[in-house]
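1. Here's a sequence, model it:
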Amino acid sequence: MIADLRHDRGERLARTLGESASFIRTDVSVECDVERMIAHAVDRFGRLDCLVNNAGRSSPYTTITDLDLEQLDAIVAVHLRAVLAGMKYAARVMSAQGSGSIINVGSVAGTRAGLGAHYYSAVKAASIHLTRCAAAELGE
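-> Coordinates of the predicted model:
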């Protein structure tokens, strides 16, 4: 299952991988797109065994005094809100089928200060903590 904003590249990759691959255009910052992506995977393959939250967008380096909160909102939408949406819809399917794995790609910038831009570091730290909270709820 391939989900991406870039329709042409996603379709081309799915064709290259063969009949066992499927592509759906997805903007992970839009909750209904994430819900549709999970439903597409289940419809196409009959189950959902794994979700990898790996979407990203660039985050400019800036000083605290020059932060743009609208830029922060855009970074949060992709690096945190999308992770939560993916977990929300995947966990519903995986809980019902009794198995599955959710992998959220983090960054050392979310655990150590000074290694990434403020926006990126903050949302990766939040994503890492969110992952731990979900694991406490959903894990064995």
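
2. Please name the residues that touch the residue nearest the centre of the chain.
-> Nearest residue to the geometric centre of the chain (Cα atoms, centre = their mean): residue 53, 3.0 Å. Taking Cβ atoms under 8 Å, 6 or more residues apart in numbering, we find residue 53 in contact with 28, 82, 83, 86, 87, 102, 103, 104, 105. All C-beta spots, glycine's among them, are computed from the backbone N, C-alpha and C.

3. which of these tops the neighbour count?
-> Top of the contacts of residue 53 by neighbour number is residue 83, holding 28 neighbours under the definition other Cβ atoms under 10 Å.

4. give me the element that one is part of.
-> helix 82-97 (DSSP states H and E).

5. right, and the helix or strand after that helix?
-> The C-terminal neighbour of helix 82-97 among helices and strands, as given by DSSP H and E, is strand 101-104.

6. This protein: helices as residue ranges?
-> Under the criterion DSSP state H, the chain carries helices at the ranges 7-17, 31-45, 69-76, 82-97, 118-138.

7. okay, the ones you listed, which one's buried deepest?
-> Per-stretch averages of neighbours, counted by mean count of other Cβ atoms under 10 Å, single out helix 82-97 among those, with a mean of 19.

8. rewinding a little: got the helices of the chain as JSON lines, with distance to residue 23 and mean pLDDT columns?
-> As requested, these are arranged in JSON lines below (distance: least, Cβ to Cβ, whole Å; pLDDT from 0 to 100):
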{"stretch": "helix 7-17", "distance to residue 23": "4", "mean pLDDT": "95"}
{"stretch": "helix 31-45", "distance to residue 23": "9", "mean pLDDT": "97"}
{"stretch": "helix 69-76", "distance to residue 23": "24", "mean pLDDT": "93"}
{"stretch": "helix 82-97", "distance to residue 23": "17", "mean pLDDT": "97"}
{"stretch": "helix 118-138", "distance to residue 23": "25", "mean pLDDT": "95"}
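
9. Need those helices in JSON lines (columns: distance to residue 58).
-> Converted to JSON lines, the helices of the chain look like this (distance: least, Cβ to Cβ, whole Å):
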{"stretch": "helix 7-17", "distance to residue 58": "18"}
{"stretch": "helix 31-45", "distance to residue 58": "20"}
{"stretch": "helix 69-76", "distance to residue 58": "9"}
{"stretch": "helix 82-97", "distance to residue 58": "15"}
{"stretch": "helix 118-138", "distance to residue 58": "8"}
